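S.K.: Prediction below, plus the sequence it came from.
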Amino acid sequence: MNEGQQRFYDFVMERVQEGKEEDIKAIMSESFKRQQEGTFSKEYMTEIVPKMIMLLKPECVEEFKNAAQHMSSQLK
């Protein structure tokens, strides 16, 4: 995990619903793997963001959406 991935991981883990940690870790693990392989895309991000949102505390969803939108804008 690189520094940016670690920051994102920490950001998400602080906002995940209790009991949903393993679910979101699995999604992030696959995402980080795809980033290393060069197969992480806007399409994939569009697929996983709704899944991740469902695992977050409701009061953290907007903040996460903003972060996800920022990351998406940096993808090709």
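M.R.: Yep, it's here. Every value quoted in this text rests on a predicted model; they were computed, and no experiment measured them.

S.K.: Show me which residues of the lengthiest helix in the chain are buried.
M.R.: Across the chain, the longest stretch assigned as helix under DSSP state H is helix 21-37. Judged by neighbour count using 16 or more other Cβ atoms under 10 Å, the buried positions of helix 21-37 are I24, I27, M28, S31, F32. C-beta coordinates here come from the backbone N, C-alpha and C atoms, glycine included.

S.K.: do stretch 44-52 as well
M.R.: In stretch 44-52, counting by 16+ other Cβ under 10 Å, buried: M45, I48, V49, M52.

S.K.: Grab the nearest non-local neighbour of the third one.
M.R.: Pointing back at V49 there. Nearest non-adjacent residue to V49, counting by Cβ to Cβ, 6 or more residues apart in numbering: A68, 5.1 Å away.

S.K.: which other helices and strands contact the longest helix of the chain?
M.R.: helix 3-13, helix 42-53 (3 or more Cβ pairs under 8 Å, 6 or more residues apart in numbering; DSSP states H and E).

S.K.: and with 6 Å instead?
M.R.: Applying 3 or more Cβ pairs under 6 Å, 6 or more residues apart in numbering; DSSP states H and E, we find helix 21-37 packed against no helix or strand.

S.K.: mind checking how far that helix is from the chain centre?
M.R.: Put simply, helix 21-37 sits 8 Å off its chain's centre (Cα atoms, centre = their mean, to the nearest Å).

S.K.: would you put the C-alpha positions of that helix in PDB?
M.R.: Once non-C-alpha atoms are left out, helix 21-37 reads as follows in PDB (Å, rounded to 0.1, in the frame of the first residue of the first chain):
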ATOM      1  CA  GLU A  21     -15.100  -3.200   8.300                       C
ATOM      2  CA  GLU A  22     -14.300  -6.500   6.600                       C
ATOM      3  CA  ASP A  23     -16.600  -5.700   3.700                       C
ATOM      4  CA  ILE A  24     -15.000  -2.400   2.900                       C
ATOM      5  CA  LYS A  25     -11.500  -3.700   3.400                       C
ATOM      6  CA  ALA A  26     -12.200  -6.300   0.700                       C
ATOM      7  CA  ILE A  27     -13.400  -3.600  -1.700                       C
ATOM      8  CA  MET A  28     -10.300  -1.500  -1.000                       C
ATOM      9  CA  SER A  29      -8.000  -4.400  -1.300                       C
ATOM     10  CA  GLU A  30      -9.300  -5.200  -4.800                       C
ATOM     11  CA  SER A  31      -9.100  -1.500  -5.700                       C
ATOM     12  CA  PHE A  32      -5.500  -1.100  -4.600                       C
ATOM     13  CA  LYS A  33      -4.600  -4.300  -6.500                       C
ATOM     14  CA  ARG A  34      -6.200  -2.900  -9.600                       C
ATOM     15  CA  GLN A  35      -4.300   0.400  -9.100                       C
ATOM     16  CA  GLN A  36      -1.000  -1.500  -9.000                       C
ATOM     17  CA  GLU A  37      -1.900  -3.600 -12.100                       C
END
